[in-house]
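>>> Using only what follows, build the 3D model:
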Amino acid sequence: MTRSLRSSVATSNTSGWAKTAVASPSSRTPKRADGRHFVDSARIAVRGGHGGKGSASFRREPYTPRGGPDGGDGGRGGSVVLEATNDVSDLSLYTQRRRWNAEPGADGAGGRKTGRSSSDLVLKVPVGTIALDSEGSLIADLDRPGARVVAARGGAGGRGNVHFKSSTRHAPDYAEPGLKGEELEILLDLKLIADVGLVGPPNAGKSSVLRALTAAHPKVADYPFTTLDPELGVAESDAGRVVLADIPGLIEGAAQGAGLGQRFLRHVERTKALVYVLDGSSSDPWQDLATVRQEVAQFSAGLANRPHIVAVNKVDLEPARRLRARSRRAGVYFVSALTGEGLPRLMDAIAEVVAAAPQPPVPAPAKVTRLPVRRADELVVERKPSGFVVRGERVERLVERTNLDSEGGLARFQAELDRLGVNTALEAAGVEPGDTVSIAGVEFEYQP
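Modelled structure (predicted):
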């Protein structure tokens with residue numbers, strides 16, 4: 001008695017695809033609704049392009065009405081790729097548009113013509129971007145320019161009917177559909193790449209120091225919290241090139257998120273050293289230093305133990321000059337971002353600390369994503385109240401690869417189920433005529 005599985009549900013999934021070769025923000029980063037520019041976190045959904053369908057066609061020649069199969073293969077769908085670049089400063093583009101789909105491959109055609117494979121969709125992200133899956137597991141750390149990761153692979157194209165001709169099957173009337181592209185939800189998390197982080201209380205003049213040491217142009221004014229976003233600047237010295245990051249002011253409770261402290265502190269996790277910038281005109285600069293250091297330590301013990309320098313700014317003011325006159329602390333640099341006093345010595349000290357500092361470890365989530373590896377020949381049959389579920393790489397791929405609306409395709413599908421041992425495994429699990437069997441989301445009715 002011939003055993004078979006008859007399809008009771010046929011599913012298909014067709015979608016429109018935007019034709020985009022490379023995605024990156026324009027040179028003028030759009031403003032967010034609250035007027036701020038810097039975006040360091042975004043959640044996106046990516047999907048690789050589906051593979052093109054194989055063609056079921058035949059040669060048309062005089063006196064040869066069905067002159068043999070000549071259907072070409074479908075093209076491969078494009079993949080979605082994340083690429084790190086210094087040309088992009090933040091993740092604002094990915095808050096404006098959340099879904100990114102690569103193009104599908106073109107269908108095959110007669111005359112053994114293979115469909116066009118689609119180009120990859122390349123999403124440009126800032127250097128220092130970490131990609132996490134929906135469970136918080138690490139997909140990739142794009143920590144250098146040009147670093148790439150395939151976030152969602154495109155599906156392979158289906159084979160044309162020319163592949164299914166045999167000594168017993170001279171005119172196969174079926175071809176394979178293309179495989180679906182991978183889909184993934186991704187959290188993009190930016191942690192700036194800098195050698196040195198400038199940290200300190202609000203209104204200490206960190207932005208002014210950054211501007212004086214580098215070519216950066218952060219917003220500067222004489223009131224607290226002028227800087228609401230991290231700023232980067234590059235300084236050149238005899239010891240080499242140093243990248244500095246100005247982190248917005250830290251207040252007590254910053255490690256617990258007060259004043260957006262956690263968001264700010266994460267941007268110095270990758271730095272080799274810290275410069276604690278203090279306001280020399282403050283009523284108690286040393287207490288300010290203790291508060292900031294405590295917040296850094298509560299956020300990360302490793303960060304607190306990193307090499308550091310203390311810079312007291314505003315020495316052009318009388319309170320700071322008096323502080324310098326009575327200070328006996330070693331390793332403290334008194335500077336004025338306004339007049340430039342003390343800045344060359346500070347820059348030399350920064351360059352020396354950076355040159356001597358070990359590369360800091362890159363903080364990462366608990367694990368790196370590794371999909372379970374299933375042996376290609378593994379077959380699992382699970383009995384459930386609604387019927388039977390069959391799992392296995394080969395049988396699931398078979399369902400995706402088969403045109404179940406074609407008589408020839410269905411006949412080949414049933415023969416392959418026998419060859420793979422699916423029917424035998426179902427009988428061993430107690431399947432009965434009329435039971436529902438689900439494979440790769442498609443339901444069938446079992447008929448012996």
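>>> From residue 39, how far out is residue 131?
With distances taken as Cβ to Cβ, to the nearest Å, residue 131 is found 15 Å from residue 39. Using the backbone N, CA and C atoms, a C-beta is placed for each residue, glycine as well.
>>> what do you get for residue 336?
From residue 336 to residue 39 the distance is 34 Å (Cβ to Cβ).
>>> same deal with residue 351?
Plainly put, residue 351 is 31 Å away from residue 39 if you go by Cβ to Cβ.
>>> And for residue 438?
Remark: distance between residue 438 and residue 39 (Cβ to Cβ) = 42 Å.
>>> which of these two has more neighbours?
For residue 438 versus residue 39, the count of surrounding residues by other Cβ atoms under 10 Å is larger for residue 39: 22 against 18.
>>> Quick check: nearest residue in space to the more buried one, chain neighbours excluded?
Nearest non-adjacent residue to residue 39, counting by Cβ to Cβ, 6 or more residues apart in numbering: residue 92, 4.3 Å away.
>>> The one you found: neighbouring residues, count only.
Other residues within reach of residue 92 by the criterion other Cβ under 10 Å amount to 19.
>>> Next: residue 405.
Neighbourhood size, residue 405 [other Cβ under 10 Å]: 12.
>>> cool, and residue 326?
Every residue meeting other Cβ under 10 Å relative to residue 326 is counted, giving 6.
>>> now do residue 305
10.
>>> I'd like the distance between it and residue 198.
Relative to residue 198, residue 305 is positioned 18 Å away (criterion: Cβ to Cβ).
>>> Kindly report the same for residue 182.
As judged by Cβ to Cβ, residue 182 and residue 198 stand 41 Å apart.
>>> Ok, residue 236 next?
17 Å.
>>> higher neighbour count, these two?
The residue with more neighbours, out of residue 236 and residue 198, is residue 198; 29 against 13, by other Cβ under 10 Å.
>>> hang on, that one in a strand?
Yes. Applying DSSP: H, G, I helix; E, B strand; the rest coil, one finds residue 198 inside a strand.
>>> contacting residues for residue 356?
For residue 356, the residues meeting the contact criterion (Cβ atoms under 8 Å, 6 or more residues apart in numbering) are residue 307.
>>> residues near the nearest residue to residue 307 once chain neighbours are set aside, how many?
Here the nearest residue to residue 307 in space, its sequence neighbours aside, is residue 273; by Cβ to Cβ, 6+ apart that works out to 4.4 Å. When neighbours are defined as other Cβ under 10 Å, residue 273 has 23 of them.
>>> now swap in residue 441 and tell me
Here the number of neighbours of residue 441 (other Cβ under 10 Å) works out to 11.
>>> before we move on, what about residue 344?
Summarising burial for residue 344: neighbours were counted as other Cβ under 10 Å, giving 12.
>>> I'd assumed it was in a helix, is it?
Yes. With three-state DSSP as the criterion, residue 344 is located in a helix.
>>> Can you pull the phi/psi pair for residue 444?
Geometry field for residue 444 lists phi and psi as phi -130, psi 160, criterion degrees, to the nearest 10.
>>> State the pLDDT value of it.
Note for residue 444: predicted pLDDT of 88.
>>> Could you give me the buried positions within the one helix or strand residue 355 maps to?
Element membership of residue 355, judged by DSSP states H and E, is helix 343-356. Going by neighbour count (16 or more other Cβ atoms under 10 Å), the buried part of helix 343-356 is 343, 346, 347, 349, 350, 351, 353, 354.
>>> what residues are up against the first one?
Just to be clear, that refers to residue 343. Applying Cβ under 8 Å, 6+ apart, we find residue 343 in contact with 209, 212, 213, 335, 336, 337.
>>> If we use 7 Å, what do you get?
By Cβ atoms under 7 Å, 6 or more residues apart in numbering, residue 343 lies in contact with 212, 213, 335.
>>> Likewise for the fifth one?
Shown here is residue 350, whose contacts under the criterion Cβ under 7 Å, 6+ apart are 196, 242, 275, 309.
>>> Select from those residues the one having the most neighbours.
Tallying neighbours with other Cβ under 10 Å puts residue 196 at the head of these, with 28 neighbours.
>>> Run through the bridge partners of that residue.
Partner residues in beta bridges with residue 196: residue 244, residue 273, with DSSP bridges as the criterion.
>>> quick one, what contacts it?
For residue 196, the residues meeting the contact criterion (Cβ under 7 Å, 6+ apart) are 242, 244, 271, 272, 273, 274, 275, 350, 354.
>>> What are the structural domain limits within the protein?
The chain is divided into the following domains under automatic domain parsing: 196-356, 380-447.
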